[in-house]
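>>> pasting the structure only:
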């Protein structure tokens, strides 16, 4: 028994080290590249040029704006819908659960093909970046919907809303004063993941010809590896921030499912 | 489907006495409630914005892909686009995409499984687990463009590790490795695949009871017999279905291979991108046919996933 335990521990340490190296070495490479300004000289030169670049600022702000819009549209669309489905249309739940995993079945690149085919005649729409925000709501759907769904399942929605109704509240009041405060952590969790998705989404933005932050990083990286590493690091910090946010708001409730954005 | 039902309800809604059918839902309301019929279609109305949204930005674009894939240059029905998929560059793009996806589902799946298993070993501090899962959450989401450039800085021609290994006398290029080809894609994809595997598989591993190991031990079995006759049979459907998800995640990847190769690699998603931006013969239907092929491959993967999930033993839930 004793040797078995030891063997397990030895292999355990071995695989943990392998995994840690796999994850950390590229981050180290990226960090070193981003600071390398010449042979054996290091500094923040690349970061400075990036922050001074107007293209960086405009693409970053565009992505940020789209991220906030995506979160806003998601919440406005999903909060009343999930509430309503739980309360009044429980028979529709299987249909909705099926619909929200469909974005996994249609890869972003295929969705981009369909969107271009469908919306090309609508010129004002295909030239507005806001189109992306509407599409990103779909990309985030598997996470945002299910996070809200889990949040509302965890509370006794029926009793709470009947109690509110017996006190004379309309359903909008119930939603605002009773339900929302109870599902705040799942709302925030879904929002953080949505932020991470939008700040990293390249496929659809690039194929629909919008200069978002990832599109800008790719454009720089095609010719300049060092500033690209600095941009990659900035992007990594953003991902960390979003995940940390999710971790903090998600403390206390059990992890319900794996939250991984599919923006490869 | 639901929208048409709604329309019917609306049409025959207000006249009372259509009888039967309705009312199984949330009926217990105050006495002064309007007729049930009306409440019911009002309830349906609440689902309309969401359904309309999903239809407009997901379902109709997908139908558009399918329809256009079967439309010839003249606009009438044609199999020309779809038939093209079976030949030359297009067929080999599918083969290459599937190869990369299978390879990284295996490498990522195995590494992810072993690291997940390690966090649960006795003698490994429990405090490791949340660190590993949080970091895996970040790594699995850190993909696409930035990941590609992180690897360029690490294993590219002047990358940190490439240079280090060259100092130690190991020339990666001479050894047959290139970041910008198949081997590089496998290494880079594995970066997001194995944390994904870890996150998916860790709940199943946590569900393994120590009693099972003790039961095996009391029958004289060691670690080998435990895994051979108890552990793996219970976990296999979970492992296999997780790997199918990894396959899908790699198969759909566009940003990572595009950034690594500046769009010059023959994988289906990258090829679709080239067709769309007109770098390849301007034949719009071809992009749709390629996209349809992708949707079909992923659908098969999802179907396999669903079947495997059903076989996930109740022990492993």
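Noted; the coordinates are in hand. Keep in mind the model is a prediction, meaning the values are calculated, not measured. Numbers count the residues shown, from 1 in each chain, chains lettered A, B, ... in the order given.

>>> same for the helix or strand residue A:220 falls within, what does it pack against?
Secondary structure from DSSP states H and E places residue A:220 in helix A:213-221. Counting contacts by 3 or more C-beta pairs under 8 Å, 6 or more residues apart in numbering or on different chains; DSSP states H and E, helix A:213-221 is packed against helix A:54-87, helix A:184-200, helix A:203-207, helix A:225-250, helix B:145-155, helix B:255-261. Backbone N, C-alpha and C define where each C-beta goes, glycine included.

>>> can I get those in TSV including mean pLDDT, mean neighbour count and distance to residue B:235?
Shown next, in TSV, are the helices and strands packed on helix A:213-221 (pLDDT from 0 to 100; neighbours: other C-beta atoms under 10 Å in any protein chain shown; distance: least, C-beta to C-beta, whole Å):
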stretch	mean pLDDT	mean neighbour count	distance to residue B:235
helix A:54-87	94	19	33
helix A:184-200	90	24	28
helix A:203-207	95	25	33
helix A:225-250	88	21	26
helix B:145-155	94	28	29
helix B:255-261	93	26	29
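
>>> of all those, which one is nearest residue B:221?
helix A:225-250 (39.1 Å; C-beta to C-beta).

>>> centre of the chain to that closest one, how far?
In terms of C-alpha atoms, centre = their mean, to the nearest Å, the centre of helix A:225-250 is found 12 Å from the chain centre.

>>> next one: residue A:31 from residue A:222, what distance?
To residue A:222, residue A:31 is 21 Å away according to C-beta to C-beta, to the nearest Å.

>>> repeat for residue B:138
Separation of residue B:138 from residue A:222 (C-beta to C-beta): 26 Å.

>>> more neighbours: which of these two?
residue B:138 (20 against 12; other C-beta atoms under 10 Å in any protein chain shown).

>>> mind telling me what element the more buried one is part of?
For residue B:138, the element it lies in under DSSP H and E is helix B:128-141.

>>> which parts of that helix are buried?
B:132-133, B:135-141 (16 or more other C-beta atoms under 10 Å in any protein chain shown).

>>> next, residue A:37: secondary structure please.
strand (DSSP: H, G, I helix; E, B strand; the rest coil).

>>> residue contacts, residue B:54?
A:99, A:102, A:138, A:141 (C-beta atoms under 8 Å, 6 or more residues apart in numbering or on different chains).

>>> confirm that it sits in a helix.
Yes. Assigned with three-state DSSP, residue B:54 falls within a helix.

>>> on that earlier part again, among the buried residues of helix B:128-141, which are within reach of chain A?
B:132, B:135, B:137-141 (C-beta under 8 Å from any C-beta of the partner chain).

>>> and the residue of the stretch 101-250 of chain B nearest chain A?
In the stretch 101-250 of chain B, no residue comes nearer to chain A than residue B:154, which is 3.1 Å away by C-beta to the nearest C-beta.

>>> relative to residue A:182, how far out is that residue?
Distance of residue B:154 to residue A:182, given as C-beta to C-beta: 45 Å.

>>> please apply the same query to residue B:166.
58 Å.

>>> near chain A, which residues of the stretch 201-317 of chain B?
Contacts of the stretch 201-317 of chain B with chain A, taken as C-beta under 8 Å from any C-beta, map to B:217, B:222-223, B:248-256, B:258-259, B:262, B:269, B:272-273, B:276-277, B:284, B:287-288, B:290-292, B:294-295, B:298-299, B:302.

>>> of those, buried ones?
Neighbour counting by 16+ other C-beta under 10 Å classes B:248-256, B:258-259, B:269, B:272-273, B:276, B:284, B:287-288, B:290-292, B:294-295, B:298, B:302 among those as buried.

>>> among those, which lie within helices?
B:248-251, B:255-256, B:258-259, B:269, B:272-273, B:276, B:284, B:287-288, B:290-292, B:294-295, B:298, B:302 (DSSP state H).

>>> now narrow the contacts of residue B:54 to whatever sits close to chain B.
Okay, of these touching chain B (C-beta under 8 Å from any C-beta), that's A:99, A:102, A:138, A:141.

>>> and of the buried residues of helix B:128-141, the nearest to residue B:122?
Closest to residue B:122 out of the buried residues of helix B:128-141 is residue B:132 (16.1 Å), distances taken as C-beta to C-beta.

>>> contacting residues for the residue nearest to that closest one when sequence neighbours are not counted?
Nearest non-adjacent residue to residue B:132, counting by C-beta to C-beta, 6 or more residues apart in numbering or on different chains: residue B:119, 5.2 Å away. Listed by C-beta under 8 Å, 6+ apart, the contact set of residue B:119 reads A:12, A:16, B:128-129, B:132, B:202.

>>> redo those as CSV? Include pLDDT and distance to residue A:133.
Formatted as CSV, the contacts of residue B:119 follow (pLDDT from 0 to 100; distance: C-beta to C-beta, whole Å):
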residue, pLDDT, distance to residue A:133
A:12, 90, 45
A:16, 95, 40
B:128, 89, 39
B:129, 88, 37
B:132, 91, 34
B:202, 90, 34
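
>>> check contacts around residue A:47.
So residue A:47 contacts A:34, A:230 (C-beta under 8 Å, 6+ apart).

>>> cutoff 10 Å now
Shown in contact with residue A:47 (C-beta atoms under 10 Å, 6 or more residues apart in numbering or on different chains): A:34-35, A:227, A:230-231, A:233-234.

>>> so which of those also contact chain B?
For chain B, the contacts drawn from those by C-beta under 10 Å from any C-beta of the partner chain are A:34, A:227, A:230-231, A:233-234.

>>> tally of neighbours for the one residue in the stretch 1-150 of chain B that gets nearest to chain A?
Going by C-beta to the nearest C-beta, chain A is nearest to residue B:61 of the stretch 1-150 of chain B, at 3.0 Å. Residue B:61 sits with 24 neighbouring residues when counted by other C-beta under 10 Å.

>>> which non-adjacent residue is nearest it?
Computed as C-beta to C-beta, 6+ apart, the closest residue to residue B:61 that is not its neighbour in sequence is residue A:114, at 3.0 Å.

>>> give me the neighbour count for the one you found.
Neighbours of residue A:114 (other C-beta under 10 Å): 27.

>>> correct me, but it touches residue B:291?
Yes. Counting by C-beta atoms under 10 Å, residue B:291 is a contact partner of residue A:114 at 7.1 Å.

>>> mind listing the shared neighbours of these two?
Here residue A:114 and residue B:291 have A:106, B:61-62, B:64-66, B:68 as joint contacts, going by C-beta under 10 Å, 6+ apart.

>>> as a markdown table, those residues with secondary structure and distance to residue A:21 would be great.
Output for these, formatted as a markdown table (DSSP: H, G, I helix; E, B strand; the rest coil; distance: C-beta to C-beta, whole Å):
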| residue | secondary structure | distance to residue A:21 |
| --- | --- | --- |
| A:106 | coil | 36 |
| B:61 | helix | 42 |
| B:62 | helix | 41 |
| B:64 | helix | 45 |
| B:65 | helix | 41 |
| B:66 | helix | 45 |
| B:68 | helix | 46 |
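
>>> let me know the pLDDT of residue 28.
Just so you know, I chose chain A. What the model reports for residue A:28 is a pLDDT of 95.

>>> that's the other chain; I wanted chain B
The per-residue pLDDT reported for residue B:28 equals 44.

>>> what's the answer for residue B:3, then?
36.

>>> how about residue B:123?
At residue B:123, pLDDT is 83.

>>> what of the one 4 residues further on?
At residue B:127, the pLDDT value in this model is 88.

>>> so who does it touch?
Residues near residue B:127 by C-beta under 10 Å, 6+ apart: none.

>>> ok, the closest residue in space to residue A:239 that isn't next to it in sequence to residue A:242 distance?
Using C-beta to C-beta, 6+ apart and skipping the chain neighbours, the partner closest in space to residue A:239 is residue B:142 (4.9 Å). Here residue B:142 is placed at a distance of 10 Å from residue A:242 (C-beta to C-beta).

>>> with residue B:156 instead?
27 Å.

>>> same question for residue B:180.
According to C-beta to C-beta, residue B:180 stands 30 Å off from residue A:242.

>>> hmm, stretch A:115-129 in reach of chain B?
Yes. Contact between stretch A:115-129 and chain B is present through A:115-120 (criterion: C-beta under 10 Å from any C-beta).
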